[in-house]
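Trainee: sequence first, predicted model second:
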Amino acid sequence: MPPSATDYRRLHDLHKDLKKTQDKLARGPRQIRARQARVEAAQDELTKLEQSLQEVRGLADRKNLDLKSKEAHMVELQCKLNTAASNREFDIIRGQIDADVAAKAVLEDEVLEALERVDRTLSEIAEKKEVIAQLEKETRDFANDFEQKSAVLREQEVSLSEQIKETEKIVPSEIREQYDRLVDAYGPEAMAQANGGVCNNCFTQLTPQSKVLLNSGKILFCGSCGRLLYQG
């Protein structure tokens, strides 16, 4: 008994199922790499934050030293003020003290700002570490889950390949070489149903003669896209 359209539909479905299974097997490693890339990007951001923390701490330390130096200078000036030998010397020292008071206020603001930046950076570092830990956990969980699923998918791949090999026996020997080339080039899209006299791949209207041949159970190649056609 010659193969029917149902037989070719089954072969087509097997090719589509194999492609879906292979896509899942290929997609898993890509998704793992993408997740690992997000972890690495977050780690790079953490490194930059830690470098920024060192810089901000260094700035805070320098400003604090400047402040202490200014305070020491003010104490020294106050001692000189107390021992000023003349009104002119007193006024000069008083002016220097007033200038130092203003400079000290600026330094105090700068020290406070630097310390606030240190606190903000420390908070950002802590948050980034939490993000990294979460991303790493999600990556591990996904990789472990895919490892378990991939074993089943590989079994499905082998089973489907064997079923395809067996079902391909329906393909007539005179067109088998052309069929194989199509499958190598297009996978499941090597085949297409013809519903209502139209190729479902390129949507080209078939000739009346082609419709008659398909309706009689013949297998044709689409004159437009070259796909192996079977009656839908």
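Mentor: The structure has been received and is ready for your questions. Numbers count the residues shown, from 1 in each chain.
Trainee: tabulate the CA atom coordinates of stretch 71-85 in PDB.
Mentor: C-alpha atoms of stretch 71-85 as PDB (Å, rounded to 0.1, in the frame of the first residue of the first chain):
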ATOM      1  CA  GLU A  71      42.600  73.600  63.400                       C
ATOM      2  CA  ALA A  72      46.200  73.300  64.600                       C
ATOM      3  CA  HIS A  73      47.100  76.500  62.700                       C
ATOM      4  CA  MET A  74      44.200  78.300  64.300                       C
ATOM      5  CA  VAL A  75      45.400  77.300  67.800                       C
ATOM      6  CA  GLU A  76      48.900  78.600  66.900                       C
ATOM      7  CA  LEU A  77      47.400  81.900  65.700                       C
ATOM      8  CA  GLN A  78      45.300  82.200  68.800                       C
ATOM      9  CA  CYS A  79      48.500  81.900  70.900                       C
ATOM     10  CA  LYS A  80      50.200  84.600  68.800                       C
ATOM     11  CA  LEU A  81      47.100  86.700  69.100                       C
ATOM     12  CA  ASN A  82      47.300  86.500  72.900                       C
ATOM     13  CA  THR A  83      50.900  87.700  72.800                       C
ATOM     14  CA  ALA A  84      50.600  90.300  70.100                       C
ATOM     15  CA  ALA A  85      53.000  93.200  70.700                       C
END
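Trainee: what is the mean pLDDT for it?
Mentor: Averaging pLDDT along stretch 71-85 yields 83.
Trainee: make 45 the first number, not 1, from now on.
Mentor: Sure, I'll start counting at 45 from here, so that last one is stretch 115-129.
Trainee: run through who's touching it.
Mentor: With C-beta atoms under 8 Å, 6 or more residues apart in numbering as the contact definition, stretch 115-129 has outside contacts at 134, 137-138, 140-141, 144-145, 148. All C-beta spots, glycine's among them, are computed from the backbone N, C-alpha and C.
Trainee: I'd like to know which of these are buried.
Mentor: Buried members of the contacts of stretch 115-129, counted by 16 or more other C-beta atoms under 10 Å: 137, 140-141, 144, 148.
Trainee: out of the contacts of stretch 115-129, which is nearest to residue 75?
Mentor: residue 148 (58.0 Å; C-beta to C-beta).
Trainee: how far does stretch 214-232 sit from the chain's center?
Mentor: Relative to its chain's centre, stretch 214-232 lies at 37 Å (C-alpha atoms, centre = their mean, to the nearest Å).
Trainee: quick one: buried residues of it?
Mentor: For stretch 214-232, by 16+ other C-beta under 10 Å, it's 215, 223, 226-227, 230, 232.
Trainee: show me which of those residues is closest to residue 199.
Mentor: The closest of the buried residues of stretch 214-232 to residue 199 turns out to be residue 232 (C-beta to C-beta; 19.7 Å).
Trainee: after the helix or strand containing residue 174 comes which helix or strand?
Mentor: For residue 174, the host element (DSSP states H and E) is helix 131-211. Under the assignment DSSP H and E, the closest C-terminal helix or strand after helix 131-211 is helix 217-230.
Trainee: got the contact list for that following helix?
Mentor: The set of residues external to helix 217-230 that reach it, using C-beta under 8 Å, 6+ apart, is 59, 212, 215, 234-235, 263, 265, 270-272.
Trainee: identify the farthest-apart pair in the residues you listed.
Mentor: The most widely separated members of these are 212 and 270, with 18.2 Å between them, by C-beta to C-beta.
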